[in-house]
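*Asks:* With the sequence up front, the predicted model follows.
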Amino acid sequence: MCGSIFSLTFSQNSEINITEIGRYIDYLAEKQGISSIFVNGTTGESMSLNVAERKILAEEWCEKAKGKMDQVIVHVGCMCLKDSQELARHAAQTGADGIAVIAPSFFKPNSAEALRTFLHEVSSVAPTLPFYYYHIPAVTGVNVPVTSVLENIEELIPSFRGVKFTGIDLMDFGQCVSYSQPHWSVLYGVDEQLLAALAMGAHGAVGSTYNYMGCHVSKLMSAFENGDLIQARTIQFKMQELLSYAKKQGFDLGVNKQLMSEVSGLCLGPPRLPVVPCPTARALSIAQKYHSIFPEH
Ligand SMILES: CC(=O)N[C@H](C=O)[C@@H](O)[C@H](O)[C@H](O)CO
Ligand SMILES: CC(=O)C(=O)O
């Protein structure tokens, strides 16, 4: 299971703060059973960071994860192809285990072909690095079916190794799994309905809430593997209960980040504008809900 890391900032000025990264990795490995990390993605507020900041973070996460995480996947997608290529080259030099790329979303690709060409251009500057397409249509507004992105993709991108699928279209997802090659990973990213994706054959899970619910999610996944659907559902329903409570209160990245700070005790700092910090009372109430749903933590 892969945790998507939150950005780390200083509370005074929301400048990036790399001093907490080592502790963050130990927390994920020891307390949440997280074996891989996804850096500079949605949760990591990559689109609100500049290229220089993203390089510093990628370097520090790769360095501190050595010997503690199986894999560090660095997201390098940007609005600008040149920036994405610069970050892809940098990820290769930094020793990342793979890169992921989101569809640009200001000027959107108008077809699967345009999207595939963009992905190809990024991958070609780091040809030896395993490449993942990151599908998150609710955020990007790019709704190209992933199935159509995957068609003969290795002819275009020989380093292609899978998809991080954060969408709710389980038919598209199922077809991706069905089309996938043995050396690919088709990973699911909507934490609230992971169990449905496991039934469709998901090879793994990547998500923001695994930062603080990872230990429960690994139980959900083992229960599913052992055929214990009752137990798997019980855990999934608890996750849904927490997230639906949080959503009623206005769940966004600011709330999610504050919740992680409350549960873990780590100092993650505030989000960067345009995301605004979560009011303390709201974070405490959601954290209380978390502890009542998962009393063992
Ligand atoms: C939009 C977004 O941030 N999606 C995340 C992963 O990609 C998920 O992990 C969600 O944060 C999670 O499923 C809660 O809604
Ligand atoms: C949530 C997630 O997977 C990301 O941070 O991109």
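*Replies:* Cool, the structure landed. Small disclaimer: the values here were computed from a predicted structure and weren't measured. Ligands and ions are numbered 1, 2, ... in the order given.
*Asks:* Identify all contacting residues around stretch 71-91.
*Replies:* 2, 35-41, 44, 46-47, 51, 54-55, 58, 61-62, 65, 94, 96-107, 118, 121-123, 125-126, 129, 132, 134 (C-beta atoms under 8 Å, 6 or more residues apart in numbering). Bear in mind the C-beta positions are built from the backbone N, C-alpha and C, glycine included.
*Asks:* Among these, which lie within strands?
*Replies:* Using DSSP state E, the subset of those located in strands is Cys2, Ser36, Ile37, Phe38, Val39, Gly98, Ile99, Ala100, Val101, Ile102, Tyr132, Tyr134.
*Asks:* Could you check the pLDDT of the fifth one?
*Replies:* Reading off the per-residue confidence, Val39 sits at a pLDDT of 97.
*Asks:* burial measure for the closest residue in space to it that isn't next to it in sequence, as a count.
*Replies:* Using C-beta to C-beta, 6 or more residues apart in numbering and skipping the chain neighbours, the partner closest in space to Val39 is Trp61 (4.6 Å). Neighbours of Trp61 under the rule other C-beta atoms under 10 Å: 25.
*Asks:* wait, doesn't Trp61 sit right on Phe38?
*Replies:* No. Applying C-beta atoms under 8 Å as the test, Trp61 and Phe38 come out as separate, 9.8 Å apart.
*Asks:* Overlap in contacts, these two.
*Replies:* Ile5.
*Asks:* if I pick the residue nearest to Val39, what's in contact with it?
*Replies:* Ile5, Ile21, Ile25, Ile37, Val39, Val72, Val74.
*Asks:* Lowest-confidence member of these, which is it?
*Replies:* Lowest pLDDT among the contacts of Trp61: Ile5, with 74.
*Asks:* Wait, that residue touches Gly44, no?
*Replies:* Yes. Between Ile5 and Gly44 there is a contact under C-beta under 8 Å: 5.4 Å.
*Asks:* Looking at Cys2 now. What's its pLDDT?
*Replies:* 69.
*Asks:* shared neighbours of Ile5 and Gly44, anything?
*Replies:* Contact criterion C-beta under 8 Å, 6+ apart; residues shared by Ile5 and Gly44: Phe38.
*Asks:* How about the residues of the chain by ligand 1?
*Replies:* Within the chain, the residues that sit near ligand 1 (C-beta under 6 Å from any ligand atom) are 4, 42-43, 136, 139, 166, 189-192, 207-209, 243.
*Asks:* Whichever of these end up buried, select them in ChimeraX.
*Replies:* Applying 16 or more other C-beta atoms under 10 Å to these, the buried members can be selected in ChimeraX as follows:
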select :4,42,43,136,166,189,190,191,192,207,208,209,243
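*Asks:* Provide the contact partners of stretch 16-32 at residue level.
*Replies:* 3, 5, 7-10, 34-35, 37, 49, 53, 56-57, 60-61, 64-65, 68-69, 210-215, 264, 266-269.
*Asks:* would you put the C-alpha positions of that stretch in CSV?
*Replies:* The C-alpha trace of stretch 16-32 is given here as CSV (Å, rounded to 0.1, in the frame of the first residue of the first chain):
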residue,chain,number,x,y,z
ILE,A,16,8.5,24.2,2.6
ASN,A,17,9.9,22.4,5.7
ILE,A,18,12.1,19.4,5.1
THR,A,19,13.1,18.9,8.7
GLU,A,20,10.1,16.7,9.5
ILE,A,21,10.5,14.2,6.6
GLY,A,22,12.5,11.6,8.5
ARG,A,23,10.0,11.5,11.3
TYR,A,24,7.1,11.4,8.8
ILE,A,25,8.7,8.3,7.1
ASP,A,26,9.2,6.5,10.4
TYR,A,27,5.6,7.2,11.4
LEU,A,28,4.2,5.8,8.1
ALA,A,29,6.4,2.7,8.3
GLU,A,30,6.1,2.0,12.0
LYS,A,31,2.6,3.1,12.8
GLN,A,32,0.7,2.8,9.5
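*Asks:* Check which residues of that stretch are buried.
*Replies:* Along stretch 16-32, these residues count as buried under the neighbour rule (16+ other C-beta under 10 Å): Ile16, Asn17, Glu20, Ile21, Tyr24, Ile25, Tyr27, Leu28, Ala29, Gln32.
*Asks:* go on, stretch 210-227?
*Replies:* Under the neighbour-count criterion of 16+ other C-beta under 10 Å, stretch 210-227 has 210-221, 223-224 buried.
*Asks:* check contacts around the residue of the stretch 51-200 of the chain at minimum distance from ligand 2.
*Replies:* The minimum distance from the stretch 51-200 of the chain to ligand 2, using C-beta to the nearest ligand atom, falls at Gly189 (5.0 Å). Neighbouring residues of Gly189 by C-beta under 8 Å, 6+ apart: Ile136, Lys164, Phe165, Thr166, Ala205, Val206, Gly207.
*Asks:* Brilliant, that's me finished.
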